[in-house]
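Student: Could you look at this predicted model? Sequence included:
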Amino acid sequence: MAEKTRESSVERLRNAILDLIRELELSFGDRLPTEMEMAERFQVSRPTLREALKLLEQEAVIDVQQGKGRFLAAGALLSIARPITKFESVSQMVASHGYVAETQLLGLAVEAAAADIASGPAVPPGNPLIRVERLRRSGGEPLVYSVDWMPKSLFGPAFEAAPDWSRSIVGILAGIGRGPVASTANVRATMLPDEVIMLHGLERFGPALLIEEICYSADGARVIYAKDYHRGSAFSFSFVRK
């Protein structure tokens, strides 16, 4: 348990360093503040800071030049822009765009996997799936309409002591040791389904960018099949082409 706590604190520090890079408006080739400056700013020890910096070095966000310091590498352009190819939860994505979002749970059910859904979480048709339907708003305006399906078998008896499904599903799965770490996705422009618009009063939602995603845990298991409709007027995403 102590090791997991330490890992999460290093991960949080890594994200804080990225925030600092954005705040300072650093770009490719610019020098980062010194270890001493960052350790004082974040009130952390040098060893912990070096672990977080090592993560960024492995991700090609920073480049270490012996005797000179740490500099932004080409990978920084990818991380700082938060492209659509970056795996993150919807909650993280919404926050990264500057929104303080509230999550409304629209529906929670256990249902038999329909044939057109079963291939997403890779379960036989008819097997039980947990279906979670949610809407994220900011300032009263709808931002993201989401439907997530997960194999009920992931939770076992724990599902009866149901978690707060308005929280991040990625975080809920991480809490039972099945947190997703990567995904494959299809992206297309569309409108919300008519029945969703009528049922939830989303006539002003407008065009949406639908990200249809299969999320995988560290052992390669499919843990979430998701359809997230992002309000087109509220979000923009960047792409990296190689």
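Tutor: Received the coordinates, thanks.
Student: Which pLDDT value belongs to Val90?
Tutor: We have a pLDDT of 84 for Val90.
Student: residues near it, how many?
Tutor: Neighbour count of Val90, defined by other CB atoms under 10 Å: 23. For glycine as for every other residue, the C-beta is placed from the backbone atoms N, C-alpha and C.
Student: That one contacts Leu143, doesn't it?
Tutor: No. Using CB atoms under 8 Å, Val90 is not in contact with Leu143, being 9.2 Å away.
Student: Common neighbours of the two, please.
Tutor: Shared contacts of Val90 and Leu143 (CB atoms under 8 Å, 6 or more residues apart in numbering): Arg136.
Student: quick one, domains of this structure?
Tutor: When the chain is parsed with automatic domain parsing, its domains come out as 2-81, 90-231.
Student: Can you add distance to Phe237 and give the ones you listed back as TSV?
Tutor: Shown next, in TSV, are these (distance: least, CB to CB, whole Å):
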stretch	distance to Phe237
domain 2-81	9
domain 90-231	7
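Student: Out of the ones you listed, which gets the lowest mean score?
Tutor: Mean pLDDT across the domains of the chain is lowest at domain 2-81; the value there is a mean of 82.
Student: distance between that one and the chain's centre?
Tutor: Offset of domain 2-81 from its chain centre (CA atoms, centre = their mean, to the nearest Å): 20 Å.
Student: For this structure, which segments are assigned as strands?
Tutor: Along the chain, counting by DSSP state E, strands occupy 62-65, 69-72, 102-112, 128-138, 141-151, 180-190, 208-217, 222-231.
Student: Just send those strands back as a markdown table, with distance to Ser27 and mean neighbour count too.
Tutor: Formatted as a markdown table, the strands of the chain follow (distance: least, CB to CB, whole Å; neighbours: other CB atoms under 10 Å):
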| stretch | distance to Ser27 | mean neighbour count |
| --- | --- | --- |
| strand 62-65 | 13 | 16 |
| strand 69-72 | 7 | 18 |
| strand 102-112 | 34 | 13 |
| strand 128-138 | 29 | 19 |
| strand 141-151 | 29 | 21 |
| strand 180-190 | 27 | 13 |
| strand 208-217 | 27 | 20 |
| strand 222-231 | 27 | 22 |
